[in-house]
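Visitor: Predicted coordinates and the sequence they were generated for:
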Amino acid sequence: MGSLIPILDLNNLPESAAGTTPNTTISAVSMKVPKIEPKLEPFDEPLDTHLPQLPPEPFISTPTPNSLTNSQINPFSDQNHTPVSDSSAAPSDQENVYSEFHRISELFRTAFAKGLQSIGDGEVEVLDPDARAIVPVPQETQISEAVVARRKYPKRSSELVRVTDLNIEDQRYFRDVVRKTRMLYDSIRILTVAAEEKRNPGNGKRVRGDLQAASALRDRGLWLNRDKRIVGSIPGVYVGDLFFFRMELCVVGLHGQVQAGIDYLPASQSSNHEPIATSIIVSGGYEDDEDAGDVIIYTGHGGQDKFNKQCAHQKLEGGNLALERSMHYGIEVRVIRGIKCQGGISHKVYVYDGLYRIFDCWFDVGKSGFGVYKFKLLRMEGQGEMGSAILKFAASLRASPLSVRQSGYLSLDISNKKENVPVFLFNDIDSDQDPMYYEYLAATVFPTQVFHQSGKGTGCDCVDGCFGNCFCALKNGGEFAYDDNGCLLRGKPVVFECGPFCHCPPTCRNRVTQKGMRNRLEVFRSRETGWGVRSLDLIHAGAFICEYTGVILTREMAQIFAMNGDTLVYPHRFSDRWTEWGDLSQIYPDYVRPTYPSIPPLDFAMDVSKMRNVACYMSHSSTPNVMVQFVLYDHNNLMFPHLMLFAMENIPPMRELSLDYGVATVSEADEWTGKLAICN
DNA sequence: GCAGTATCAACTTG
DNA sequence: CCAAGTTGATACTG
């Protein structure tokens, strides 16, 4: 009786991101849970006969403390593990443990009696579709404001589903939903912090942008995956994806607990009255954790005081029980690792490391001497490389590239020190060395007339860095384009940075892109995309990456160049991805994206046939992680802005950077090549 | 049994 | 080390 569970309902997806729903139906989600032989020795007491074919279940017996042996004290008895009756635990504690087990066992006895009829011949119907909790819509009577407030945010669903076999189109759709939601989250987070800073400059107390952004999205029903509890991977979230805030994990639906490390479907909502774990965060907060990557010994939660010191025995309830039940049914859990990192916008980064299965669990005496539950998790096969491992790998590459990779490097800096940071060139798959043959161009070269046409230079008079309403802020429409970390607040037709006519120092916050690259990039060869670019550092969403450089050609010059057959880049073809960055129209219906300062359509081409920089090697994608933002600083000629590249999402190290080069429409092509042809 | 309320735990952030 | 802050689970109440 393999159980089926309903299909993921596309119609119920929040309108959040994403244009249209794909018209294909998503494959049915089958929650066929493989039977796993329990490793546990059954207790002597026989199982109730009305629970057919139930795997041996130790919880059902209720031994008295006096009759317990060490191995029986431990419900997940294993000779290798220290029994709790170890001398380090005081006798009174030991008794507590006994009574605790007594209590749990009772609890289970009743739970099993009530709800386990949905379990049979080894396949577990975790969900009974017909018995699915239907959230009733109560008649509006007299209800308190608190209730109204609560109703606005419906409870998390109790419907447990697994999403499998998404086709490419669906995958792209969900990725886009996640991408847009995260962009929105980051925009709100950055903007609220910036707004508060503007209102209250130098205030020691900082507003929690992470929380504000989350509630702004929640208020509008934009949290993802609340209508289903997803077991297994979350559509649109890839192994290796990076997050900087716990709240963002909640928004995406990867992990629904703000602080707790174990997320689970609570027993009260489960169809068989047993809790089921869905995800955990391995964050190093429990001293008894042992993390070896593919194998994790994870400590359950509870028993800690305010200072995260173990001060009491853990209990087999809540998340701990859920993990045990997930093990029992062989249900996989998502694993997210929290890794300390210096610098950046947060002191911790959360990496989605994929799915694990729980293979063992036992009650142990922790380093503190108190009883803790431990779970042994093994990473499932066939998943992408672990994000946390890639982070480590990238760190070692940064430290000493040649000792990590003996061969493959064609250059340790193709920029020849023209950039702040080296640009590596790596090819370990064929003999192509093409990028070696170009002169590295760190900044775009404009025709001299560009500077003449821009007229008398104007700048601000700030002496000590720019604040508030200086001239340059006004040029940008009254606000600076960047936050304190140098992240782009929102995309604009063009950004004015401070320049040579300003009196502010080079350290001014309004000089982000002219300060140059901050991340170590690597041009690399791949079978799929030819040459590509990736970063050895993780790049924050909104961060400046590098310029797209070339030698600027006016239309007239371009015609001559094109006759030589040189390949030219036409900047007006880049898709206006900047419009997506900081677009709050989903939050404020009357939101209009910035149109000021407006610029005329670009009318120039770029020659990259002899001189170019890293950007030239970025691949095209229709779901890019990098976008173009036009920036002016060394001249004021609106016709000829710099093409500056910013990250549209948090980009993990070693992940390929991609740009939306746009598609040349027929008319565009005509416009250029047509005229060029005439010229010919 | 259920809806509303109160309480509390939780590997946060700054 | 602590305060502010949020969610979800659960126990309790009528």
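Guide: Nice, I can see it. Numbers count the residues shown, from 1 in each chain, chains lettered A, B, ... in the order given.
Visitor: buried stuff in the helix or strand hosting A:Leu191?
Guide: Here A:Leu191 sits within helix A:168-199, counting by DSSP states H and E. For helix A:168-199, the neighbour count (16 or more other CB atoms under 10 Å) marks A:170, A:173-194, A:196 as buried. Where C-beta positions appear, they are placed from N, C-alpha and C, glycine not excepted.
Visitor: Likewise for stretch A:549-565?
Guide: For stretch A:549-565, the neighbour count (16+ other CB under 10 Å) marks A:549-554, A:557-559, A:561-562 as buried.
Visitor: and if you look at stretch A:377-392?
Guide: Neighbour counts using 16+ other CB under 10 Å place A:377, A:379, A:386-388, A:390-391 of stretch A:377-392 among the buried residues.
Visitor: picking up where we left off before, is DNA strand C contacted by the helix holding A:Leu191?
Guide: No - Helix A:168-199 lies out of reach of DNA strand C by CB under 7 Å from any atom of the strand, never closer than 11.2 Å.
Visitor: Any stretches of the stretch 351-500 of chain A with poor pLDDT?
Guide: For the stretch 351-500 of chain A, residues meeting the criterion pLDDT under 70 lie at A:453-457.
Visitor: how about 80 then?
Guide: A:452-458, A:465, A:467-469 (pLDDT under 80).
Visitor: got a pLDDT number for the residue of the stretch 251-400 of chain A found nearest DNA strand B?
Guide: Closest residue of the stretch 251-400 of chain A to DNA strand B, CB to the nearest atom of the strand: A:Ser283 (2.0 Å). A:Ser283 is assigned 92 on the pLDDT scale.
Visitor: Next, the closest residue to it other than its chain neighbours: secondary structure please.
Guide: Distances taken as CB to CB, 6 or more residues apart in numbering place A:Gly338 nearest to A:Ser283, at 3.4 Å, with adjacent residues excluded. Assigned with DSSP: H, G, I helix; E, B strand; the rest coil, A:Gly338 falls in the strand class.
Visitor: Neighbours of A:Gly338, how many?
Guide: Residues lying near A:Gly338 (other CB atoms under 10 Å) number 19.
Visitor: Also A:Tyr438?
Guide: A:Tyr438 has 15 neighbours, counted by other CB under 10 Å.
Visitor: That one contacts A:Val614, doesn't it?
Guide: No - counting by CB atoms under 8 Å, A:Tyr438 does not reach A:Val614; the two are 10.8 Å apart.
Visitor: can you list residues touching both of these two?
Guide: Residues touching both A:Tyr438 and A:Val614 (CB atoms under 8 Å, 6 or more residues apart in numbering): none.
Visitor: List the contacts of the residue of the stretch 251-400 of chain A closest to DNA strand B.
Guide: For A:Ser283, the contact set (CB under 8 Å, 6+ apart) comprises A:261, A:337-338, A:348.
Visitor: Let's have the residues you listed in TSV, adding pLDDT and distance to DNA strand C.
Guide: As requested, the contacts of A:Ser283 are exported to TSV (pLDDT from 0 to 100; distance: CB to the nearest atom of the strand, whole Å):
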residue	pLDDT	distance to DNA strand C
A:Gly261	96	13
A:Arg337	97	20
A:Gly338	96	15
A:Lys348	92	13
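Visitor: List the buried residues for the helix or strand where A:Cys472 lies?
Guide: Element membership for A:Cys472 (DSSP H and E) is helix A:471-475. Neighbour-count burial for helix A:471-475, counted by 16+ other CB under 10 Å, picks out A:471-473, A:475.
Visitor: Distance to A:Leu638 added to these, as CSV?
Guide: CSV is the format used below for the buried residues of helix A:471-475 (distance: CB to CB, whole Å):
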residue, distance to A:Leu638
A:Phe471, 17
A:Cys472, 15
A:Ala473, 18
A:Lys475, 11
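Visitor: Output the set of residues of the stretch 101-250 of chain A in proximity to DNA strand C.
Guide: For the stretch 101-250 of chain A, the residues in contact with DNA strand C (CB under 7 Å from any atom of the strand) are A:153, A:155-156, A:208, A:211-212, A:214-215, A:218, A:226, A:250.
Visitor: pLDDT of stretch A:190-210, averaged?
Guide: 82.
Visitor: returning to what we had before: for A:Gly236, state which of the buried residues of stretch A:377-392 is nearest.
Guide: Using CB to CB, A:Gly387 comes nearest to A:Gly236 of those, at 15.6 Å.
Visitor: quick one, phi psi at that closest one?
Guide: phi -60, psi -40 (degrees, to the nearest 10).
Visitor: Please state the offset of stretch A:440-453 from the chain centre?
Guide: Mean-position distance between stretch A:440-453 and its chain equals 38 Å (CA atoms, centre = their mean, to the nearest Å).
Visitor: Show me what counts as buried in that stretch.
Guide: For stretch A:440-453, the neighbour count (16+ other CB under 10 Å) marks A:440-442, A:444, A:446, A:450 as buried.
Visitor: export that stretch as PDB, just CAs?
Guide: Presented in PDB, the C-alpha positions along stretch A:440-453 are these (Å, rounded to 0.1, in the frame of the first residue of the first chain):
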ATOM      1  CA  TYR A 440      44.700  43.200 -19.400                       C
ATOM      2  CA  LEU A 441      42.600  46.300 -19.300                       C
ATOM      3  CA  ALA A 442      41.700  47.200 -15.700                       C
ATOM      4  CA  ALA A 443      39.500  50.300 -16.600                       C
ATOM      5  CA  THR A 444      37.500  51.200 -19.600                       C
ATOM      6  CA  VAL A 445      39.100  53.500 -22.100                       C
ATOM      7  CA  PHE A 446      36.900  56.300 -23.300                       C
ATOM      8  CA  PRO A 447      37.400  58.500 -26.400                       C
ATOM      9  CA  THR A 448      38.900  61.800 -25.300                       C
ATOM     10  CA  GLN A 449      35.900  63.700 -26.600                       C
ATOM     11  CA  VAL A 450      33.800  62.100 -23.900                       C
ATOM     12  CA  PHE A 451      35.600  64.200 -21.300                       C
ATOM     13  CA  HIS A 452      35.400  67.400 -23.400                       C
ATOM     14  CA  GLN A 453      31.600  66.900 -23.900                       C
END
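Visitor: Show me what residue of the stretch 551-680 of chain A gets nearest to DNA strand B.
Guide: For the stretch 551-680 of chain A, CB to the nearest atom of the strand, closest residue to DNA strand B: A:Asn650, 13.3 Å.
Visitor: Give the closest residue to that residue in space, chain neighbours not counted.
Guide: Setting aside the residues directly before and after it, A:Asn650 is nearest to A:Leu242 in space (CB to CB, 6+ apart), at 4.4 Å.
Visitor: thinking again about what came up before, tell me the most packed of the contacts of A:Ser283, by neighbour count.
Guide: Of the contacts of A:Ser283, with other CB under 10 Å as the count, A:Arg337 tops at 23 neighbours.
Visitor: Many thanks, I have nothing further to ask.
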